[in-house]
Structure formats: C-alpha cells, structure tokens
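S.K.: Here is my input; please provide its structure:
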Amino acid sequence: MLERVLSRLLLPLFCLLLIPGFASAAGKCERLVATGNPEYPPYLWRDPKNPQQLIGANADLLQHLAKELGVVVDIIYTGPWSRAQDEARTGRVDLIAGAFLTLPRLETMDYVHPAFYITPSVVWVHRGAEFPYAGWDDLRSRTGDTLVNNSFGQQFDAYAKSQLTLEGVSSLTQAFQKLLLGRTDYVLYERYPGQALADSLGLQDDLLVLDPPISSEGLHLTVSHNSACNDAWLRGRLAKAMNEALAADLPSVLLERNVQRWKDQQLTPATDVQQ
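M.R.: Now for the predicted structure:
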C-alpha cells in the first residue's frame, strides 16, 4: 500500500525531470551575491549614494550577464580587496567581479573565460623621487607597497615573492600617502584605477608612473568553489554570455561610460562614504 502511494507521488516529479531544461532550472540559484575590489575605478568602486553597493564597468557587465541568465545579482561592498577575496573563498559571496588569474586563486575559485579586460599594472613613484627603471630587477634594492592579497599575474607574483621587498596595505589611499611621506620608494597598482584615485585625491601632480608596466593581465569573473550556486549550469551560461558580450564589444562600451561616470562624480562629490 505504501509503495503504491509513493509511486503516485514520485511519478509526476520523475516525468518533470525528463523535460529538457527542467532538471537544471530546478537546481539553479535565482539570486547571486558578488563583490570585488572597492578601490578600482573605472572598473569598480563604492556607490556614493549607496555605499554598501559597488558600481562601475565590471558591475554593469555582471548585471548584463545576470539578465541574460535570468537571475538577480547583488554586487555588494564587503570591505577592502583582501576581505573581498576572503568572502569569496568561504562562499559567503558567490562571485568576484574582476580578478587576475593566479595559481592560489585557482584553488578556491573557478574562472569564467575569456577575460573581459586586459589591465596594465605599473610602478608609481613620488614625482621628484623617481629612480632609474627599465624592468623588474630595478625594484630589487627598494621597498614598495601594494594592497594585501593583490596580484599582478602568476609570473610577477613569483618573482616578487623571492626577489622584492613589498609591504601590504589595506587601501591604495594609504599606499599613496606612505609614498608621499617617503616611507616607501614605489607603489605597485593598476594604471587606470591608480590614475582615477590619484585624480580624485588631487595627487595627479605629485605622482608619476614609470614605464614599462610590470605586467598586463586579464580581468576575469570568478565563481567561488564554496558557493552553493556553483554548478555546471551557472559556469556554462556565464561563459556563453561573456563570449557574446565580448563579440558585441560591450565591455569597451561600458568602460568608456564608467570613465565618464567616475569623472562626473568627482565634480559633484557626495557625502563621505561611511565605513
């Protein structure tokens, strides 16, 4: 008797699972949470009107991908870049909206291919205190700053770990302040976010970029291994939507739009962002 009752209850569900797309749709998440580096304009920064949210080119691209997948994504501020990565590692957030590919990160995150931006990272110095620089080896006898848990690509990271004296700080603002006080010789950071922040702080005449870049790496969307939403359906659909966005040149359009958006915000500053 019990077996006949169970059969009547389970048979309709079994038939539904045979319908193409039903099984994957039943298991997929309808809401995702993302975070990223909050000091990364024009790619990503805190919304002056809603400081607990992140905005920028990366955020706009991720919102587009989410719409294509039919899911909702919240792109939230979780603290400095080091904390954002910790949140992804533990699965408290599902996605990182922009990260370079490194071997340690591959142990905790799946990367969506292809990369959506190629970002050069450079040596920042105090104007008037520059030094001869033609490549990595010219940094060996000096002390530099970068953000905690920041990466400049696997090859440079390995070189820096064995050959350079680098101190980690929680924010780029702090790194630039130490540089101007003469407490470090240089700062390593991406060119365009560094320039955007320098301009907003009124430091554009005090800082100088030394060429060539130390690296140029691709920014990827990543999915936490510990995210409850990380499955083949999500990764596959994200990759498909990303390829379609790149084919339509959408990332370039969004980047140009957010360069202007950041500039406009600096002309009409909002109330100081609260921590």
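
S.K.: ok, now which ones touch residue 149?
M.R.: Each residue near residue 149 by CB atoms under 8 Å, 6 or more residues apart in numbering is listed here: 81, 82, 85, 168. All C-beta atoms are positioned from the backbone trio N, CA, C, and that covers glycine.

S.K.: Least confident secondary structure element in the chain?
M.R.: None of the helices or strands of the chain scores lower by mean pLDDT, DSSP states H and E than helix 22-27, at a mean of 40.

S.K.: Just the element for residue 243, please.
M.R.: helix 232-247 (DSSP states H and E).

S.K.: same question, residue 264
M.R.: helix 250-267.

S.K.: In PyMOL, how would I select the buried members of the contacts of residue 149?
M.R.: Entered in PyMOL, the line below selects the buried ones among these, by 16 or more other CB atoms under 10 Å:
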select buried, resi 81+82+85
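
S.K.: possible to save the contacts of residue 149 as a markdown table with pLDDT and distance to residue 148?
M.R.: Converted to a markdown table, these look like this (pLDDT from 0 to 100; distance: CB to CB, whole Å):
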| residue | pLDDT | distance to residue 148 |
| --- | --- | --- |
| 81 | 95 | 7 |
| 82 | 94 | 4 |
| 85 | 96 | 9 |
| 168 | 94 | 4 |
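
S.K.: Mind giving me the packing neighbours of the helix holding residue 243?
M.R.: helix 57-69, strand 109-126, strand 207-224 (3 or more CB pairs under 8 Å, 6 or more residues apart in numbering; DSSP states H and E).

S.K.: To residue 158, which of these lies closest?
M.R.: Proximity to residue 158, assessed across the helices and strands packed on helix 232-247 by CB to CB, is greatest for strand 207-224 (11.6 Å).

S.K.: buried stuff in that closest one?
M.R.: Quick answer for strand 207-224 (16+ other CB under 10 Å): 207, 209-210, 213-215, 217-224.

S.K.: rewinding a little: got a list of contacts for the helix holding residue 264?
M.R.: 41-43, 45, 48, 55-57, 60-61, 64, 116-117, 196, 199-200, 245.

S.K.: Would you list the buried entries among those?
M.R.: With burial judged by 16+ other CB under 10 Å, the buried subset of those is 41-43, 45, 55-57, 60-61, 64, 116-117, 196, 200, 245.

S.K.: Farthest pair within those residues?
M.R.: 200 and 245 (28.2 Å).

S.K.: residues contacting the most centrally placed residue in the chain?
M.R.: By CA atoms, centre = their mean, the chain has its centre lying nearest to residue 98, at 2.6 Å. Shown in contact with residue 98 (CB under 8 Å, 6+ apart): 36, 37, 40, 43, 44, 58, 116, 117, 219, 220, 221.

S.K.: So which of those is the closest to residue 174?
M.R.: For the contacts of residue 98, the minimum distance to residue 174 (CB to CB) is 14.4 Å, reached by residue 37.

S.K.: pretty sure the closest one contacts residue 84?
M.R.: Yes. Between residue 37 and residue 84 there is a contact at 6.5 Å, judged by CB atoms under 8 Å.

S.K.: what's the distance between residue 157 and residue 45?
M.R.: 24 Å (CB to CB, to the nearest Å).

S.K.: now for stretch 224-234, what's the gap between its first and last residues?
M.R.: Across stretch 224-234, the terminal residues are separated by 12 Å (CA to CA, to the nearest Å).
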